[in-house]
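Colleague: next come a sequence and a model predicted from it.
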Amino acid sequence: MSVKIGISPIAWQNDDLPDLTAAFTMEQALREAREIGYSGVERGRRMPQDTEGLRTYLAANDIALCGGWCSGNLMVSSVDEEIEAIRNQVEQFVALDAPCLVYAECSNTVQGDIATPVNNRPKLSRSGVMDYAEKLSEVAKWMADQGMVLAYHHHMGSMIEDQDDIDWLMEGTTDEVSLLFDTGHLQFGRADVLTTLDKWGHRVRHVHFKDVRPDVAAMIRTENKSFLDGVIAGAFTVPGDPEGCIDFQSVTDKLAAMGYDGWIVVEAEQDPAKAAPYAYSKLGYEYIRELCGRSGLIIDG
């Protein structure tokens, strides 16, 4: 049983807040990530978008594609329309041997709007989530037939954020819909990190290790600020940061016990003026190696 350790380039190149990371380049992100020891990177918007260009770009940096974001619009599109909208990305990820496509509903999310409080995010009823889940299952089945995994990303500011949302989505979807298990968004979203893994571990095919500074997260809630305000203020950090609050050893122990053999990806968007990308990414990588060693997980690559 082995895992691979990857990273999102978001600490160096923030797609939602480009001015925050204007002093850094994607080339620097990949070079430094590989130097630290990461063997994979999730796709960023400032990477080449064509398949062969992206293949060459990744190969030049000796790093694999370990997933990437896909903005879904299934709430406002038919299943056929959504399949056509994401077809090129699915084909690209299959061609580049990515483990999954990270899918999240973005037609009604507030995560990218700095003027809208995260508390004002859309909240569906159970029946509303179930109706959506039926359509999502059809998209995921099509994707599986193409050879790609749909890993659904519960995300702050979106309609799938808290424990009820996640449970309803998993209950309402077929097994073709896997769960991206993101520790930071679970914690910030007031879900239970370990209980979610206990309940839905058999549906987890991709993992994000992200920690939360609880005082900052609480401030964002109480002062009715946006998700992006939280990013700028430092709500998120890497595993291994003493300012974080998540019990990553227990999480890693559970992953080992359930035989998880996919990617563990560090994704912790922060203000680089406060949290230097190289130093924090190195802290996260070395801490995950320690966690895996204590849990009996072998690191591949």
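Modeller: Looks like it came in fine. These numbers were taken from a predicted model, which means no experiment stands behind them. Numbers count the residues shown, from 1 in each chain.
Colleague: specify the local secondary structure of Leu180.
Modeller: Classification of Leu180 by DSSP: H, G, I helix; E, B strand; the rest coil places it in strand.
Colleague: do you know the pLDDT at it?
Modeller: Listed pLDDT for Leu180 reads 98.
Colleague: who are the contact partners of it?
Modeller: 100, 102, 151-154, 204-208 (C-beta atoms under 8 Å, 6 or more residues apart in numbering). Where you see a C-beta, it was placed from the backbone N, CA and C, and this is true even at glycine.
Colleague: mind listing the helices for the stretch 201-301 of the chain?
Modeller: With DSSP state H, counting those that start in this stretch as the criterion, the stretch 201-301 of the chain has helices at 214-222, 227-233, 248-257, 277-295.
Colleague: kindly apply the preceding question to the stretch 1-150 of the chain instead.
Modeller: Under DSSP H, counting those that start in this stretch, the stretch 1-150 of the chain gives helices at 26-36, 51-60, 79-95, 126-146.
Colleague: check which helices and strands the last one sits against.
Modeller: Where contact means 3 or more C-beta pairs under 8 Å, 6 or more residues apart in numbering; DSSP states H and E, helix 126-146 is packed against helix 79-95, strand 101-105, strand 150-153, helix 163-172, strand 177-182.
Colleague: reformat those as CSV; add distance to Asp261.
Modeller: Below are those laid out as CSV (distance: least, C-beta to C-beta, whole Å):
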stretch, distance to Asp261
helix 79-95, 19
strand 101-105, 18
strand 150-153, 15
helix 163-172, 21
strand 177-182, 14
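Colleague: closest to Asp19 out of the helices of the stretch 201-301 of the chain?
Modeller: helix 227-233 (10.4 Å; C-beta to C-beta).
Colleague: and Gln13, how far is that from Leu65?
Modeller: 15 Å (C-beta to C-beta, to the nearest Å).
Colleague: got the contact list for the most centrally placed residue in the chain?
Modeller: Nearest to the mean C-alpha position of the chain, by C-alpha atoms, centre = their mean, lies His208 at 5.2 Å. His208 makes contact with 8, 180-185, 265-267 under the criterion C-beta under 8 Å, 6+ apart.
Colleague: before we move on, what about Val110?
Modeller: Here Val110 is in contact with 116-118, 120-122, 157-158, 226-227 (C-beta under 8 Å, 6+ apart).
Colleague: turn those residues into a markdown table, columns for neighbour count and distance to Pro214.
Modeller: Output for these, formatted as a markdown table (neighbours: other C-beta atoms under 10 Å; distance: C-beta to C-beta, whole Å):
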| residue | neighbour count | distance to Pro214 |
| --- | --- | --- |
| Thr116 | 18 | 23 |
| Pro117 | 17 | 18 |
| Val118 | 25 | 15 |
| Asn120 | 12 | 21 |
| Arg121 | 23 | 19 |
| Pro122 | 17 | 25 |
| Gly157 | 27 | 18 |
| Ser158 | 24 | 21 |
| Ser226 | 23 | 18 |
| Phe227 | 27 | 16 |
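Colleague: before we move on, the earlier item: take the helices of the stretch 1-150 of the chain and write them to CSV, including distance to Leu169, mean pLDDT and mean neighbour count.
Modeller: Converted to CSV, those look like this (distance: least, C-beta to C-beta, whole Å; pLDDT from 0 to 100; neighbours: other C-beta atoms under 10 Å):
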stretch, distance to Leu169, mean pLDDT, mean neighbour count
helix 26-36, 31, 97, 19
helix 51-60, 30, 98, 14
helix 79-95, 16, 98, 17
helix 126-146, 6, 98, 17
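Colleague: for Val212, which of the ones you listed is the nearest?
Modeller: Closest to Val212 of the helices of the stretch 1-150 of the chain is helix 26-36 (C-beta to C-beta; 22.1 Å).
Colleague: list the contacts of that closest one.
Modeller: Helix 26-36 is contacted by residues 7, 9, 11-13, 41, 44, 46-47, 57-58, 61-63, 277-278, 281-282, 285 when judged by C-beta under 8 Å, 6+ apart.
Colleague: roughly how far out does it sit from the chain middle?
Modeller: Distance, stretch centre to chain centre, for helix 26-36: 19 Å (C-alpha atoms, centre = their mean, to the nearest Å).
Colleague: between helix 51-60 and that helix, find me the angle.
Modeller: Counting by axes from the mean of the first three to the mean of the last three C-alpha atoms, to 10 degrees, helix 26-36 points 40 degrees away from the direction of helix 51-60.
Colleague: picking up where we left off before, just send the helices of the stretch 1-150 of the chain back as a markdown table, with distance to Thr173 too.
Modeller: Listed next are those as a markdown table, based on distance: least, C-beta to C-beta, whole Å:
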| stretch | distance to Thr173 |
| --- | --- |
| helix 26-36 | 32 |
| helix 51-60 | 28 |
| helix 79-95 | 13 |
| helix 126-146 | 4 |
